[in-house]
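Participant: Quick one: sequence and predicted model below, then my questions.
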Amino acid sequence: QGVLVPGLGTFAVIHEQINGTEEVYLVRRPVFRLDIDMSCLRELVFPTVMIPGDIEIMPLDYWWLSQTNSLPPDMVKGCVEETILLYSFQLRTRQHPAFTFKNIGILSCQDNVLCMQFYCSCIAELGSQDIWVALLLT
């Protein structure tokens, strides 16, 4: 299952089979597909991420988020939308702040390359058969 954060992108977990020299590794790894208006990313480069069509993409669950912080869902939705607008504005004005996702990773821009760096703990929690292969691929 994947989660769409409107105006920012989609987080998903993909399953991959990697053929090693002596064995086949089955890994689950997180991916992020950016979905920001390309006109504001004129000078930035970002990796193209393919999310298989069989992965169900769900919208961000504002009600669930509101339960984790005791704020009303409409307030949570407004905060998420305003944060994404601010981040997009900063990218357009050539500011490159890091965007941190708690327990997931950091969306950052280094040398005009915008990429998602997942925390090792996030990858480890996915329970791949071989955690080191999943870490290297991610």
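Facilitator: Nice, thanks for sending it over.
Participant: can you give me the strands for the chain?
Facilitator: Using DSSP state E, the strands of the chain run over 2-5, 9-19, 24-34, 57-59, 99-101, 105-110, 113-118.
Participant: show me where pLDDT drops low in this structure?
Facilitator: 38-40, 127-138 (pLDDT under 70).
Participant: at 80 instead, please
Facilitator: Applying pLDDT under 80 to the chain flags residues 17-21, 24-27, 37-43, 124, 126-138.
Participant: Pick out the residue closest to the middle of it.
Facilitator: With distances taken as CA atoms, centre = their mean, F32 lies nearest the centre of the chain, 3.5 Å away.
Participant: now it: how far from Q1?
Facilitator: Distance of F32 to Q1, computed by CB to CB, to the nearest Å: 14 Å. No exception for glycine: its C-beta is placed from N, CA and C like everyone else's.
Participant: Just give me the longest helix of this protein.
Facilitator: Across the chain, the longest stretch assigned as helix under DSSP state H is helix 73-92.
Participant: So which bits of that helix are buried?
Facilitator: 76-77, 80, 84, 87-88, 91 (16 or more other CB atoms under 10 Å).
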